[in-house]
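Asker: Return a 3D structure for these sequence lines:
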Amino acid sequence: MKAIVTGHSRGLGEGVARALLARGAQVMGIARHGNQALPAMHQVALDLADAAALQAWLAGGELAAFLHGTDSALLVNNAGVVQPVGAPGTQGAARLALAVSVNVTAALVLTDAFVAASNGCADRRVAHVSSGAGRAPYSGWSTYCATKAALDMHARAVALDAIPGLAIASVAPGVIDTAMQEEIRGTPERDFPAIGRFMALKRDGALADPLVAGAQLVDYLLDARFGTLPLADLRDPG
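Answerer: Model prediction:
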């Protein structure tokens, strides 16, 4: 198996990369920063917020060369940002554009390139890392909710395309103890009224370890059930 994981430098992405390596997969990671603790994987330093840089990298053929000849391929669109937090009128054009670029545009562009490069592969899978925020609204998270909902709808629509050999799903992995969660807990309550819930999850030890969550996600991604439903939640995978 050959797998591509975005945002592998820390958190859930690192957990996914480690679990795939442990299963013997060849793994390519794409992130702004490398991860020195993962020397066995091929790491690409790329800012996914920069659409022009992403397009230039894809045009260079590195992704296609990595996937060439494999009969089993996986793309995990994990990279994401939670900012801007707050109501419209306070978010700012630059932060809005960055969120859409990282959370949506990069995932869709990479999916398109992956499907093209893996043409003829017998078993190819695309997983968008979604969130409960894509399926239920939160005050202050209009952008984050909208971008995660976009991934959900993309998976649902691509599933209808019935592309040969391709399984796709948008998967909510649960609430995980990552840098994003720390960032959320540092948000003023006026911008994110639900902050108390997330602070309680940390206080009560209810946040999942990212390495454990990454391994659980990989178990699901490689399971025969993957793709039978375009939307999934690891807390109730069905």
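Asker: Looks like P84 contacts A97 (just checking).
Answerer: No - under the criterion of CB atoms under 8 Å, P84 makes no contact with A97, lying 10.1 Å away. (Each C-beta comes from the backbone N, C-alpha and C, glycine too.)
Asker: Which one of those two is surrounded by more residues?
Answerer: Per other CB atoms under 10 Å, whichever of P84 and A97 has more neighbours is P84, with 22 against 13.
Asker: measure that one to A99 for me?
Answerer: 7 Å (CB to CB, to the nearest Å).
Asker: Next, show the common contact partners of these two.
Answerer: Common contact partners of P84 and A99 (CB atoms under 8 Å, 6 or more residues apart in numbering): T143.
Asker: from what I can see A17 touches L211, true?
Answerer: No - contact between A17 and L211 fails when scored by CB under 8 Å: they sit 10.2 Å apart.
Asker: Quick one: the strands in this protein, in order.
Answerer: Taking DSSP state E as the criterion, the chain carries its strands at 2-6, 26-31, 42-45, 72-77, 123-129, 166-172, 231-233.
Asker: what pLDDT does the closest residue to F198 other than its chain neighbours get?
Answerer: Leaving out its chain neighbours, the residue that sits closest to F198 by CB to CB, 6 or more residues apart in numbering is I184, at 5.2 Å. I184 is assigned a predicted lDDT (pLDDT) of 90.
Asker: can you pull the contacts of I184?
Answerer: I184 makes contacts with 82, 85, 192, 195, 198, as judged by CB under 8 Å, 6+ apart.
Asker: Let's have those in CSV, adding distance to V27, neighbour count and pLDDT.
Answerer: Listed next are these as CSV, based on distance: CB to CB, whole Å; neighbours: other CB atoms under 10 Å; pLDDT from 0 to 100:
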residue, distance to V27, neighbour count, pLDDT
V82, 25, 21, 96
V85, 32, 23, 97
F192, 34, 22, 93
I195, 35, 18, 91
F198, 30, 18, 90
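Asker: Number of residues surrounding the nearest residue to A40 once chain neighbours are set aside?
Answerer: Counting by CB to CB, 6+ apart, L21 is the residue found nearest to A40 once chain neighbours are left out, at 5.6 Å. Per other CB under 10 Å, the neighbour tally for L21 reads 15.
Asker: now Q91
Answerer: For Q91, the count of nearby residues is 18 (other CB under 10 Å).
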